[in-house]
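Q: Show me the folded form of this:
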Amino acid sequence: MVSKRFLDEFEYKLFRFHFLLGADWRLCCRQLKMEKGVFFHAVYRIQQKLGRAFRELTPYPLFPLDEYFGAVVRKELSLEARNVLRMPLKENKRRALRPPLLKVA
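A: As a prediction, this is how the structure comes out:
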């Protein structure tokens, strides 16, 4: 509902095809009769509009963006992360793919 409120008709149609229904850019361009460059510019505009809308949503914003972008990045792994057991790798034995055969009576 938030996206429908903040986007115009064309942008909402593109949002629905690409983000909600999961169509790739080729299918969206074919359905909406648009070029590749126009499509990606429209997608970036939609992301910008909705990012701002979700951030400024009242009384509660949808995402705490300051926690995502203001977090501290640590290069070292913690002791717990270093002591994780790893799954053993299977040996790379190549076998021929043999389909099941028809049983003749």
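Q: Quick one: find the helix or strand in the chain with the lowest mean pLDDT.
A: Every helix and strand in the chain was compared by mean pLDDT, DSSP states H and E; the lowest is helix 65-69, with a mean of 59.
Q: Distance-wise, check residue 19 relative to residue 5.
A: 16 Å (C-beta to C-beta, to the nearest Å). Glycine gets a C-beta too; all of them are placed from N, C-alpha and C.
Q: Of these two, which one has the most company?
A: More crowded of residue 19 and residue 5, by other C-beta atoms under 10 Å: residue 19, with 14 against 8.
Q: need the contact list for the more buried one.
A: Residue 19 makes contacts with residue 46, as judged by C-beta atoms under 8 Å, 6 or more residues apart in numbering.
Q: Helix, strand or coil: sort out it for me.
A: With DSSP: H, G, I helix; E, B strand; the rest coil as the basis, the three-state label of residue 19 is helix.
Q: Can you read off the pLDDT for it?
A: Predicted confidence (pLDDT) for residue 19: 89.
Q: Kindly report the same for residue 61.
A: At residue 61, pLDDT is 73.
Q: hang on, isn't it packed against residue 52?
A: No: here residue 61 does not reach residue 52: they are 10.4 Å apart, not a contact under C-beta atoms under 8 Å.
Q: So residue 29 sits against residue 35, correct?
A: Yes: using C-beta under 8 Å, residue 29 makes contact with residue 35 at a distance of 6.7 Å.
Q: Compare the two (neighbour count), which wins?
A: Per other C-beta under 10 Å, whichever of residue 29 and residue 35 has more neighbours is residue 29, with 17 against 9.
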